[in-house]
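# quick check, what structure comes out for this input:
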Amino acid sequence: MKIVIIGGTGLIGSKTVERLRKQGCEVVAAAPNTGVNTITGEGLEAALAGAEVVIDLANSPSFEDQPAMDFFTTSGRNLLAAGKVAGVRHHIALSVVGTERLQDCGYFRAKLVQEELIKASGILYTIVHSTQFMEFLASIAKSGTVGEAVHLSPAYVQPIASDDVADAMAGIALGAPINGMIEISGPERARMSELVARYLKAVGDPREVVADPEALYFGARLNDTSLVSDNNPRLGRITFEQWFATAARK
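Now for the predicted structure:
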């Protein structure tokens with residue numbers, strides 16, 4: 001079975017490629033640095049020729065409102081059009097838990113448009129809503145840093161390790177399309193401010209974390225249900241402490 005992974009050289013993509021190749025699949029790691037560009041269309045037709053499954057892991061290089069919308073609409077339309085021509089039987093896209101609840105943020109509005117394009121495409125699909133990756137804790141801390149303090153929302157989050165995301169994506173690629181959504185999340189729930197404080201301590205970062213209910217998350221105000229899944233998610237296996245131990249060694 002030929003599987004094309006858009007964004008196949010990135011964090012989740014490279015891990016998913018590895019897992020599917022070990023299963024004996026023919027996998028194309030498609031990305032601009034391998035000659036496949038979903039914005040310009042370069043290399044897309046050739047990459048998708050003969051593909052049964054496409055996994056879209058591409059992400060906008062900008063979280064700003066208009067660039068994110070331009071990226072996901074252009075990339076989504078080009079990829080779906082090429083998929084129809086190629087006869088793709090299963091289109092899989094990685095999206096974000098809380099997308100429909102965080103429409104004050106332009107990035108999440110763009111992700112919702114991407115999802116609607118997939119649903120309207122006529123290609124059988126599976127949309128995967130994931131909670132935030134544990135690997136993004138450093139960038140979350142950076143986004144809230146003011147001087148020597150990190151101001152973050154105390155809303156609950158339930159991050160998932162990238163290895164668990166890749167396991168889920170590989171498994172879904174080998175299964176049948178559901179024409180619906182699957183949610184995945186980490187095995188533990190914690191308040192964002194407290195979790196980032198634990199992470200910074202684990203990696204030896206002296207910054208202080210301030211729990212600030214008014215702190216925005218990439219432009220969106222959070223509550224305790226914004227970024228967590230209560231929709232019977234598939235849970236990852238890697239705990240916070242297990243991941244912290246690995247992060248501290250890097």
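
# and residue 122, how close does it get to residue 84?
As for residue 122, its distance to residue 84 is 7 Å (criterion: Cβ to Cβ, to the nearest Å). From N, CA and C alone the C-beta is placed, and that goes for glycine too.

# between these two, tell me which one has more neighbours.
Ranked by neighbour count (other Cβ atoms under 10 Å), residue 122 and residue 84 place residue 84 first, with 14 against 10.

# quick check: closest non-adjacent residue to the more buried one.
Ranked by Cβ to Cβ, 6 or more residues apart in numbering and with sequence neighbours excluded, the top spatial neighbour of residue 84 is residue 123, at 6.3 Å.

# pLDDT score for the one you found?
At residue 123 the predicted local distance difference test score is 98.

# name the element it belongs to?
Counting by DSSP states H and E, residue 123 is held by no secondary-structure element, helix or strand.

# do the one 3 residues further on as well
Taking DSSP H and E as the criterion, the element that holds residue 126 is strand 125-130.

# and the contacts of that strand?
For strand 125-130, contacts defined as Cβ atoms under 8 Å, 6 or more residues apart in numbering pick out 90-99, 115, 118-119, 160, 165, 168-169, 172, 177-185, 229, 231.

# ChimeraX command for the buried members of those residues?
Per 16 or more other Cβ atoms under 10 Å, the buried members of the contacts of strand 125-130 correspond to this ChimeraX selection:
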select :90,91,92,93,94,95,96,97,98,99,115,118,160,165,168,169,172,181,182,183,184,185,229
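
# looking at the contacts of strand 125-130, which are in helices?
With helices taken from DSSP state H, the overlap with these comprises 115, 118-119, 165, 168-169, 172.

# tell me where this structure has helices.
11-22, 44-48, 65-86, 106-120, 137-143, 162-173, 192-202, 240-248.

# between those helices, which gets nearest to residue 35?
For residue 35, the closest of the helices of the chain is helix 44-48, at 8.1 Å, according to Cβ to Cβ.

# buried sites along that closest one?
Here helix 44-48 shows 44, 47-48 as buried, counting by 16+ other Cβ under 10 Å.

# closest one of the ones in helices among the contacts of strand 125-130 to residue 149?
The shortest gap between residue 149 and any of the ones in helices among the contacts of strand 125-130 belongs to residue 165, at 30.3 Å (Cβ to Cβ).

# hmm, back to that, dump the helices of the chain to CSV, plus distance to residue 57 and mean pLDDT.
CSV is the format used below for the helices of the chain (distance: least, Cβ to Cβ, whole Å; pLDDT from 0 to 100):
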stretch, distance to residue 57, mean pLDDT
helix 11-22, 5, 97
helix 44-48, 14, 97
helix 65-86, 11, 97
helix 106-120, 12, 96
helix 137-143, 17, 94
helix 162-173, 7, 98
helix 192-202, 24, 96
helix 240-248, 20, 88
